[in-house]
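K.L.:
fold the following, please.
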Amino acid sequence: MVKFNSGKEYEILLASASPRRQDLLKELQVPFTKVKSPDIDETVPKGMYKEEIAIHLAKKKAAAYQDLKDSQLLITADTIVWVDDKVLGKPEDYSDAFQMIKLLSNKEHSVVTGVCLKTNQIEHTFYAETLVRFCKLDNDEIRYYIERYKPYDKAGAYGIQEWIGKIGIDYIEGSFYNVVGLPVQKLYQELKKM
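P.N.:
Below you'll find the predicted structure:
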């Protein structure tokens, strides 16, 4: 349950196809209605940095909803993986997933989630960043993970809550749930401000 500082009551709408985001919001015990996640063009202007990209994409998703009622609050989010000054989105196929995980092996990367909270009067954005370090993964481990877990719907081609996270993550600094796909503690605090 969220008590909004403004005293308003909102029907919360989550525009996300991600089952992980839906589960995390349920675990927060925030009642919400799932609405269709819009198909957006995920190209971003050149020169954007990691958190700018995640926020830009979350705002683009929110912009697709122009007909919110006064009592509705929309949540959109986008998670990216940032490594070697480039963004990794969702892999296109097996080969792409393999290359992404190989790139992440034995190094640190950032997972950034941009979130947009939108009513018909307010648009508020924020982001969370978590540093993640993988140990050195061999090709057999990478192949096993991709073949078994098919991480094609995950930024950076991995799910920290899955097998590869259990055997391959040296450490994380920041929110574990952000890496899963939604920084729930920060989201809860930001929702209260609405």
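K.L.:
use CA for all of it now, contacts and neighbours both
P.N.:
OK.
K.L.:
just for this structure, where's the confidence low?
P.N.:
Scanning the chain for pLDDT under 70 picks out 1.
K.L.:
now do the helices in it.
P.N.:
19-27, 50-63, 94-104, 139-149, 163-168, 176-180, 184-192 (DSSP state H).
K.L.:
now these in JSON lines, with distance to residue 40 and mean neighbour count?
P.N.:
Listed next are the helices of the chain as JSON lines, based on distance: least, Cα to Cα, whole Å; neighbours: other Cα atoms under 10 Å:
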{"stretch": "helix 19-27", "distance to residue 40": "18", "mean neighbour count": "15"}
{"stretch": "helix 50-63", "distance to residue 40": "7", "mean neighbour count": "22"}
{"stretch": "helix 94-104", "distance to residue 40": "21", "mean neighbour count": "18"}
{"stretch": "helix 139-149", "distance to residue 40": "26", "mean neighbour count": "15"}
{"stretch": "helix 163-168", "distance to residue 40": "29", "mean neighbour count": "15"}
{"stretch": "helix 176-180", "distance to residue 40": "22", "mean neighbour count": "21"}
{"stretch": "helix 184-192", "distance to residue 40": "23", "mean neighbour count": "16"}
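K.L.:
for residue 3, find the nearest of these.
P.N.:
helix 184-192 (5.9 Å; Cα to Cα).
K.L.:
returning to that earlier point: with distance to residue 41 added, can I get the helices of the chain in a markdown table?
P.N.:
Converted to a markdown table, the helices of the chain look like this (distance: least, Cα to Cα, whole Å):
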| stretch | distance to residue 41 |
| --- | --- |
| helix 19-27 | 21 |
| helix 50-63 | 8 |
| helix 94-104 | 20 |
| helix 139-149 | 26 |
| helix 163-168 | 30 |
| helix 176-180 | 23 |
| helix 184-192 | 25 |
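K.L.:
what about residue 135, neighbour count?
P.N.:
15 (other Cα atoms under 10 Å).
K.L.:
ok, the residue lying closest to it once chain neighbours are set aside - contacts?
P.N.:
Distances taken as Cα to Cα, 6 or more residues apart in numbering place residue 106 nearest to residue 135, at 4.5 Å, with adjacent residues excluded. Residue 106 sits next to 133, 134, 135, 136, 137 when contact means Cα atoms under 8 Å, 6 or more residues apart in numbering.
K.L.:
residue 38 too?
P.N.:
Going by Cα under 8 Å, 6+ apart, residue 38 touches 15, 61, 64.
K.L.:
beta partners for the first one?
P.N.:
According to DSSP bridges, the residues that bridge with residue 15 are residue 35.
K.L.:
that older thread, so which of the contacts of residue 106 is the most crowded?
P.N.:
residue 134 leads the contacts of residue 106 on contacts (other Cα under 10 Å) with 20 neighbours.
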